[in-house]
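> take this sequence and fold it.
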Amino acid sequence: MATRGPKGDAHNLRVIKGMAKAGQRIGSEPTRSPRNAPPEPPPMSAAAREFWDFYAPRMTRAGILDDLDREALYHLCEFGALCRRVLTELEDADTIVDSERGTKSNPRFQIARDNVNLFRMLSSELGLNPTARARLNLPEPKELSELDRLLGDVDD
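Predicted structure coming up:
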């Protein structure tokens, strides 16, 4: 899923830096998934399904989600649900707990931190933040026709 080294700059930034001419494409041509229904989710927890129901339709309409991304989105949703649950449990938890070897920091904080990092990494890989979307180098979406608006559940 991830590649080694620093992430590449978006095409627009490469043009500004002089690494490409304004009309020249660097690397592969941008790809955009067809606008269709999001892939069917695998069996998942109810909390993860809330994440799926939020992200999948929006990502599909944006052209950054297709059947190949189903597993990555599944993991993103499960990590998000687990992180939300752990953070809710931590609201009343002590930061220091007693153990057999004395006191130590609450291990739930490490679980939360790990899940936040995994969620952030996967969301970046799937283009869920502005910088990641710029790196995807997607063409601008076309204006929807009146018929598309009437037939689809498009957010305005």
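> where does this protein dip in pLDDT?
Along the chain, segments meeting pLDDT under 70 span 1-38, 137-144, 148-156.
> which parts of it are helices?
Per DSSP state H, the chain carries helices over the ranges 11-16, 46-62, 70-90, 107-125, 130-136, 146-151.
> could you say what helices and strands the third one packs with?
What it means is helix 70-90. Using 3 or more CB pairs under 8 Å, 6 or more residues apart in numbering; DSSP states H and E as the contact test, the elements touching helix 70-90 are helix 46-62, helix 107-125. The way it works is simple: take the backbone N, C-alpha and C, and place the C-beta from them, glycine included.
> enumerate the positions of that helix that are buried.
Residues 70, 73-84, 86 are the ones in helix 70-90 that count as buried (16 or more other CB atoms under 10 Å).
> check the second one too.
Applying a neighbour-count criterion of 16+ other CB under 10 Å, one finds 48, 51-52, 55-57, 59-62 buried in helix 46-62.
> now that helix against helix 70-90, angle please.
With axes from the mean of the first three to the mean of the last three CA atoms, to 10 degrees applied, the angle from helix 46-62 to helix 70-90 works out at 130 degrees.
> just want the angle from helix 46-62 to helix 107-125.
20 degrees.
> if anything else comes up later, I'll come back, but that's it for now.
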